[in-house]
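K.L.:
sequence first, predicted model second:
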Amino acid sequence: MEETSTQRDPSFFRPHGTTMRREVLVIKLILAGWLVAIVGFQILAYLLEVNYSELLITDFIFINLPIQFWLSGQFLPLWFIILCVLFNIWMDRHSAQSLEGSLRFRIRPSSGEDE
Amino acid sequence: MAHGMIQLVPILIVAGLFALLILSGLRGRSRHAVEYGLNGSYTGRVGIGAGIASNWMSAASFLGLAGIFYLKGYFAMAYVVGWTGGYVLLLVLMATQIRRFGKYTAPDFVGFRYESDTARTLAALISIVISVIYCVAQFRGIALLVSWLFGIDYMPAVVIGTSLVVSFVVVSGVLGVVRNQKLQYFVLICTFILPLMMLTRKLGYFWILPQFGYGEAITELQQQFDFNWSEPFADTTLFEWLALCFTLMFGTAGLPHVLSRFYMVPGIKDARWGVVWGLFFISLIYWSAPAYGVLARLFEARNGLTLNTGADAADMIVLSGAGLGGIPLWAIGLLAAGGMSAAFSTTAGLLMTGAASFSHDIYPRLIRPDATEADKVYAAKGFFLILAFIVLALALKPWGMIAEIAAFAFAIAGNTIFPAFLLGIWWPRANAPGVICGMLAGLLISFATLIAGDSVPFIAQLFPVTSSAFIGAPLVMIVMIITSLLTAPPSAAIRLFLCRNVHDCMDKQ
């Protein structure tokens, strides 16, 4: 890093080091789940409306709600929470492993803060 | 919603709620540290989440969302998805890294990362513009509530509402009131859900979880009144839906007052889990908001009323729907109190943040370089009043519904602050000329439709006022990348800081 060249700078598409590579991989997976769900559900609703008109889409009720209301209004926020929980669990495990590897002989602070 | 009638019971409930919040804030002064989760415990993370949610909940969430549902049906789902999905972006791409920078405001971050006072000042100006526009949405909500409570017209209600907000901030400041965010969130959720449960119970629907119970109203509207909520893209296009949704998500990840939550959290782990709790608390409101719009439409249909397409009526649909549903006046008063509390806290926070940005980042740099700390305090107080006056003037003639005005603020944040943070964190080559050109391009894109939308319709289609960041944010990033590559790279020190302190990438190179 001391050299002036920026060729070796880490970035989202060119992560350096094991820690960053793993973190970026998890971020990409989470973002893929996020994007596919948002765009996919809308394309599904659009295709249902275009191809089947009201016939299918208005009769398809799930937990009391028309399917697209349930998918976008109820499921997607829940899916976002699930994605965030998965990300945090991975980050917690990953940071615990990193701590164990790099600070094996250091006494942990009583507050429990490890990052 | 009789005009000219003073709503005494709701006024008393609103006054009582504010008294409760102020008293709780006075009591909370001594246990401030515990309240904000400085011990890093499980309870602390829930508290951080409640803080994020109560900070987030504004008139747009409490009143505006139901109004948009009432008028636009499924299209309004873009707000629900946009305002919740943005937190995923925020968590995985920014929350941890922002915390590692250790800066306390968006301009601080931009100034430090890009090593530029110009970029910092520009970020401060943009933060103030975003705050003003966001506040206009809140003032509109406050004015509509004041108008209903006191039975007066909108214009005088804006003036009274502004006076009340300024008085609230002054009284809170003089008394040293600490905002009890857990209590505030608890109040907001109760005042929003309880009347909804009463409404669905009155209709004989599944009232224990009214978030699902209101589905029967959609079916009834369709079968008995031929009012079709179910066709998702009947009046709009897939592009418009996605553009609005992604604009709100980019804006959520770029709003200065949302980002600032992560600077103040004691630990990175707490910041991350606080986001999850915050998202859950926010979702509780958003799972419920569509119900108010749908139920209000059903009550109107049952009473033989036609759809009222007026923006004022739609923004007040939460209260008017509850009135048509025949629930007791005290329950409607709870709704008014919750809406007022959400709008007041958001407005007060935004105005104070804007004033602080001015006194900290602009006044000593552009206006008075030799300003002392006392001068800065006076500048902050004076600018607070100026900001309140500007918002008052804009709120007298608002250009849209509450949620639409708020969405415009999100679009500006999505076009400016979001790309600056995203590339600032994840691309070390991004430099000061790049971010300055990018933020200026973002501002131009945000206002393009207002400036040239009439003469060039293509601009209005590509960059709708409320949805410009869908195309705009990627364009701004391209501008930032090209400008950065054509100019000198950032210093080795900041690149080293990003590698060592932000991304932890030095372990096995």
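P.N.:
Now that the structure is in, tell me what you want to look at. Numbering: from 1, shown residues only, chains lettered A, B, ... in the order given.
K.L.:
now do the same end-to-end measure for stretch B:86-101.
P.N.:
Stretch B:86-101 has an end-to-end distance of 21 Å (CA to CA, to the nearest Å).
K.L.:
residue ranges with poor pLDDT in the chain?
P.N.:
Because you didn't say which chain, this covers chain A. Along chain A, the model assigns pLDDT under 70 to residues A:1-7, A:52-59, A:98-115.
K.L.:
my question was about chain B
P.N.:
Low-confidence segments of chain B (pLDDT under 70): B:1-4, B:28-43, B:176-179, B:229-230, B:261-265, B:506-509.
K.L.:
let's see that with 50 instead.
P.N.:
B:1-2, B:32-42, B:508-509 (pLDDT under 50).
K.L.:
closest approach to chain A from it, which residue is it?
P.N.:
Here chain B gets closest to chain A at one residue, B:Gly215, 3.3 Å apart by CB to the nearest CB. Yep, even glycine has a C-beta here, placed from its N, CA and C like the rest.
K.L.:
that residue - nearest residue in space that isn't next to it in sequence?
P.N.:
Once flanking residues are discounted, B:Gly215 sits nearest to A:Asn64: 3.3 Å by CB to CB, 6 or more residues apart in numbering or on different chains.
K.L.:
with adjacent residues omitted, what lies nearest to A:Arg22?
P.N.:
A:His94 (6.4 Å).
K.L.:
and that neighbour, what does it touch?
P.N.:
A:19, A:22-23 (CB atoms under 8 Å, 6 or more residues apart in numbering or on different chains).
K.L.:
in a helix, it, correct?
P.N.:
Yes - counting by DSSP: H, G, I helix; E, B strand; the rest coil, one finds A:His94 located in a helix.
K.L.:
identify those among the contacts of A:His94 that sit within strands.
P.N.:
Among those, DSSP state E puts none in strands.
K.L.:
got the contact list for the most centrally placed residue in chain B?
P.N.:
For chain B, B:Trp56 is the residue whose C-alpha lies nearest the centre (CA atoms, centre = their mean; 5.4 Å). When contacts are counted by CB under 8 Å, 6+ apart, B:Trp56 touches B:258, B:278, B:282.
K.L.:
ok, back up a step: quick check: the residue nearest to B:Gly215 touching B:Glu216?
P.N.:
Yes - between A:Asn64 and B:Glu216 there is a contact at 6.2 Å, judged by CB atoms under 8 Å.
K.L.:
okay, and the common contacts of the two?
P.N.:
Residues touching both A:Asn64 and B:Glu216 (CB under 8 Å, 6+ apart) are B:Phe206.
K.L.:
any chance of the contacts of B:Trp56 in CSV with distance to B:Ala271 as columns?
P.N.:
Listed next are the contacts of B:Trp56 as CSV, based on distance: CB to CB, whole Å:
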residue, distance to B:Ala271
B:Val258, 12
B:Gly278, 10
B:Ile282, 16
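K.L.:
then stretch B:483-496 to CSV, C-alphas only?
P.N.:
Extracted as CSV, the C-alpha positions of stretch B:483-496 are listed here (Å, rounded to 0.1, in the frame of the first residue of the first chain):
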residue,chain,number,x,y,z
THR,B,483,-14.0,11.8,-12.9
SER,B,484,-11.9,9.9,-10.3
LEU,B,485,-10.0,7.9,-12.9
LEU,B,486,-9.2,11.1,-14.9
THR,B,487,-7.8,12.9,-11.8
ALA,B,488,-5.2,12.1,-9.2
PRO,B,489,-5.9,9.2,-6.8
PRO,B,490,-6.6,9.8,-3.1
SER,B,491,-3.7,9.9,-0.7
ALA,B,492,-2.0,6.7,0.3
ALA,B,493,-3.0,7.4,3.9
ILE,B,494,-6.7,7.2,3.2
ARG,B,495,-6.4,4.1,1.0
LEU,B,496,-4.4,2.4,3.8
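K.L.:
what residues sit buried inside it?
P.N.:
Going by neighbour count (16 or more other CB atoms under 10 Å in any protein chain shown), the buried part of stretch B:483-496 is B:483-484, B:489-490, B:494-495.
K.L.:
which residues touch B:Leu366?
P.N.:
Taking CB under 8 Å, 6+ apart as the criterion, B:Leu366 is in contact with B:Thr121.
K.L.:
for the host helix or strand of B:Gln222, packing partners?
P.N.:
Element membership for B:Gln222 (DSSP states H and E) is helix B:215-225. Contacts defined by 3 or more CB pairs under 8 Å, 6 or more residues apart in numbering or on different chains; DSSP states H and E place helix B:215-225 against strand A:65-66, helix B:268-302.
K.L.:
could you rerun that using 10 Å?
P.N.:
strand A:61-62, strand A:65-66, helix B:181-203, helix B:268-302 (3 or more CB pairs under 10 Å, 6 or more residues apart in numbering or on different chains; DSSP states H and E).
K.L.:
wait, does the helix or strand following the third one contact chain A?
P.N.:
Under the assignment DSSP H and E, the closest C-terminal helix or strand after helix B:181-203 is helix B:210-213. Yes - contact between helix B:210-213 and chain A is present through B:211-213 (criterion: CB under 10 Å from any CB of the partner chain).
K.L.:
reformat the residues you listed as a markdown table; add neighbour count.
P.N.:
Formatted as a markdown table, the residues of helix B:210-213 next to chain A follow (neighbours: other CB atoms under 10 Å in any protein chain shown):
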| residue | neighbour count |
| --- | --- |
| B:Gln211 | 24 |
| B:Phe212 | 19 |
| B:Gly213 | 23 |
